[in-house]
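Asker: A predicted structure for the sequence below; I have some questions about it.
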2 protein chains.
Amino acid sequence: MIDDVLTVARRQLGEVGAAGLSLRSVTREVGISPSAVYRYFSSRDHILTGLILEGYTRLGTAVTAADDALPPDRVTTRWHQVWHSTRDWAVANPHEYALLYGTPVIGYDAPPETVEPATRVVVRLTEIFFHAARRDLLTDRVDLSDPAPTPGLREDAESLLRTIDALGVPVPAGLDPADPVRVVNAWSELFGAISFELFGHYVRSITRHAEHLDTLAAATARQLGLPERD
Amino acid sequence: MIDDVLTVARRQLGEVGAAGLSLRSVTREVGISPSAVYRYFSSRDHILTGLILEGYTRLGTAVTAADDALPPDRVTTRWHQVWHSTRDWAVANPHEYALLYGTPVIGYDAPPETVEPATRVVVRLTEIFFHAARRDLLTDRVDLSDPAPTPGLREDAESLLRTIDALGVPVPAGLDPADPVRVVNAWSELFGAISFELFGHYVRSITRHAEHLDTLAAATARQLGLPERD
DNA sequence: CCATGTTGTGAACAGTGTTCTCTATTGCGA
DNA sequence: TCGCAATAGAGAACACTGTTCACAACATGG
């Protein structure tokens, strides 16, 4: 029943967006009275929270599935794959993407159960980079384009490393603590570009979005020391 | 009168956000009947459009004013200044920022009159970079971290260059057509990071947001060839 | 001075999220 | 199999929302 509501709600979300999604309209389609839904969801926002959770999971499985189809050692190809499959999912589900990465509806802090699924893309990016490091696939990054992190940021970096370790991702030995932050930066760059594309901020500048994202993926890959081609 | 409505609306926007902004509540505070506002605005979305226009203008003037206070030749300092004043404005006006750079409310294409104010920050970034190029302040960028653009992207780059030229920004001679795209990328990176901060996606990773933005600004500055210190 | 265009009101409509009372229906132990 | 309790849902009601429309003041200019 909860699934019925969420399925219909996700369909309508894809048509009218989160702002236009009406609880009553969902109940009409499910064939239920508006008040009945309060047995399962405490409020309309609670339904949206369910959709957010579902959305993160769907995006995460789409991206990881695309990456899993590739040989593990082809790290640069995998890196590009994650970037493009993320964008593909966003372009195919713009309203759902906007629900996840647009203006937060609930408040400024997401419900705690959503943070794990929400990290799946960045965790996968980290895994690719760590895998490359463990397999000694990284090229020498003679001229890192980012400066040395400040002490505060170094703390953030180390705490982030511990979080990644706690997630069960094998951390390679002798890692620069700033590297996970670089991956996070690439992640933020990826979603910044997708948001700008979907939200219309690239009007009158970039129109070849797929090619553009490709150059961004390549640039971040080079900054991280992933091999040129594999 | 239009200003009265917009002033009150902006105040309430700062308190409840765009989703919670009520036309009737605005009219109550202005001291007017709900229907009277339809003499000046065709709909609630029209009011929001006015707020968006105002918001872009306010952000733009805040950023350009901060930059104007600096000596023109200190291009790297100016670059950092633009990054930080943008973030400062966003942090001080989170709901207004979300209205501008979060989920679009109206549709997927912004009203045409909003595109000029919306470009002010990226135009200023471009101006700084062009100024540095004209004054020969750029260092040699031996190892550009982004690859050569594809033909399609090169078209985008040249069209973008024409747009910038049409805006009256003096374009330096002998410019790599890909350079404006690099500025656009930095711009997208800036807003991607701010959105991730404000929308709560940096939870459990970055907490020192100002320092973090500083390293991003420095990295993009180096990629563009801005001098290390000035 | 009258007519015309402007400015605002108030009632009404359709729609929303939410709460509450009340009624079926179900499952289960005796 | 009966009876009871837990559950699922319905329906009315409330306080809102954005929007429309007929109507009344009012100012202005010929």
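Answerer: Perfect, thanks for sending it.

Asker: got a list of contacts for the regular element (helix or strand) spanning residue A:13?
Answerer: Using DSSP states H and E, residue A:13 maps to helix A:2-20. Applying CB atoms under 8 Å, 6 or more residues apart in numbering or on different chains, the contact partners of helix A:2-20 are A:21-22, A:25-27, A:29-30, A:37, A:40-41, A:47-48, A:50-51, A:54, A:93, A:95-96, A:98-99, A:102, A:105, B:19, B:103, B:105. In this view, the C-beta of every residue, glycine as well, is placed from N, C-alpha and C.

Asker: got the residues of chain A near DNA strand C?
Answerer: A:21, A:22, A:23, A:24, A:25, A:34, A:35, A:38, A:43, A:44, A:45 (CB under 7 Å from any atom of the strand).

Asker: so which of these is surrounded by the most neighbours?
Answerer: residue A:21 (21 neighbours; other CB atoms under 10 Å in any protein chain shown).

Asker: list phi and psi for that one.
Answerer: phi -70, psi 120 (degrees, to the nearest 10).

Asker: which residues touch it?
Answerer: Counting by CB under 8 Å, 6+ apart, residue A:21 makes contact with A:9, A:12, A:13, A:44, A:48.

Asker: can you count the residues close to the second one?
Answerer: What that stands for is residue A:12. 17.

Asker: just checking, residue A:214 touches residue A:80?
Answerer: Yes - if you go by CB atoms under 8 Å, residue A:214 and residue A:80 touch, sitting 6.9 Å apart.

Asker: what does the residue nearest to residue A:207 when sequence neighbours are not counted show for phi and psi?
Answerer: Residue nearest to residue A:207 in three dimensions, not counting chain neighbours: residue B:156, with 5.6 Å by CB to CB, 6 or more residues apart in numbering or on different chains. Taking degrees, to the nearest 10, you get phi -50, psi -40 for the backbone angles of residue B:156.

Asker: so residue B:156 sits against residue A:215, correct?
Answerer: No - because the distance of 10.7 Å does not satisfy CB under 8 Å, residue B:156 is recorded as not touching residue A:215.

Asker: of the two, who's got more company?
Answerer: More crowded of residue B:156 and residue A:215, by other CB under 10 Å: residue B:156, with 25 against 20.

Asker: contacts only, for that one.
Answerer: A:205, A:206, A:207, A:208, A:212, B:181.

Asker: residue contacts, the first one?
Answerer: In this structure, residue A:205 makes contact with B:122, B:156, B:160, B:163, B:181, B:184, judged by CB under 8 Å, 6+ apart.

Asker: could you check the angle helix A:178-198 makes with the one helix or strand the fifth one maps to?
Answerer: Right, the one you point to is residue B:181. Using DSSP H and E, residue B:181 sits in helix B:178-198. Counting by axes from the mean of the first three to the mean of the last three CA atoms, to 10 degrees, helix B:178-198 lies at 100 degrees to helix A:178-198.

Asker: what mean pLDDT does whatever helix or strand comes next after helix B:178-198 have?
Answerer: Downstream of helix B:178-198, the next assigned helix or strand under DSSP H and E is helix B:209-224. In this model, helix B:209-224 has a mean pLDDT of 96.

Asker: helix B:209-224 - contacts with which helices or strands?
Answerer: helix A:151-166, helix A:178-198, helix B:75-92, helix B:178-198 (3 or more CB pairs under 8 Å, 6 or more residues apart in numbering or on different chains; DSSP states H and E).

Asker: for that helix, what is the distance to the chain centroid?
Answerer: 16 Å (CA atoms, centre = their mean, to the nearest Å).

Asker: what does that helix contact?
Answerer: A:145-147, A:149-150, A:152-153, A:156, A:181, A:185, B:76, B:79-80, B:83-84, B:87, B:129, B:138, B:141, B:144-146, B:179, B:182-183, B:185-186, B:189-190, B:193-194, B:197, B:202, B:206, B:228.

Asker: quick one: it to helix B:75-92, angle?
Answerer: Using the same axes, to 10 degrees: helix B:209-224 against helix B:75-92 is 140 degrees.

Asker: and helix B:209-224, C-alpha only, in PDB?
Answerer: The C-alpha coordinates for helix B:209-224 follow below in PDB (Å, rounded to 0.1, in the frame of the first residue of the first chain):
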ATOM      1  CA  HIS B 209      33.000  25.900   3.800                       C
ATOM      2  CA  ALA B 210      34.900  29.200   3.500                       C
ATOM      3  CA  GLU B 211      38.300  27.500   3.500                       C
ATOM      4  CA  HIS B 212      37.000  24.900   1.100                       C
ATOM      5  CA  LEU B 213      35.700  27.500  -1.300                       C
ATOM      6  CA  ASP B 214      39.100  29.200  -1.000                       C
ATOM      7  CA  THR B 215      40.900  26.200  -2.300                       C
ATOM      8  CA  LEU B 216      38.500  25.800  -5.200                       C
ATOM      9  CA  ALA B 217      39.000  29.500  -6.100                       C
ATOM     10  CA  ALA B 218      42.700  29.000  -6.000                       C
ATOM     11  CA  ALA B 219      42.600  25.900  -8.100                       C
ATOM     12  CA  THR B 220      40.500  27.500 -10.800                       C
ATOM     13  CA  ALA B 221      42.700  30.600 -10.700                       C
ATOM     14  CA  ARG B 222      45.800  28.400 -11.300                       C
ATOM     15  CA  GLN B 223      44.100  26.500 -14.100                       C
ATOM     16  CA  LEU B 224      43.300  29.800 -15.800                       C
END
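
Asker: tell me the buried residues in it?
Answerer: B:209, B:211-224 (16 or more other CB atoms under 10 Å in any protein chain shown).

Asker: and which of the residues you listed is nearest DNA strand D?
Answerer: DNA strand D has its nearest neighbour among the buried residues of helix B:209-224 in residue B:209, at 32.8 Å by CB to the nearest atom of the strand.

Asker: any idea how far residue B:55 is from the closest one?
Answerer: In this view, residue B:209 and residue B:55 are 21 Å apart by CB to CB, to the nearest Å.
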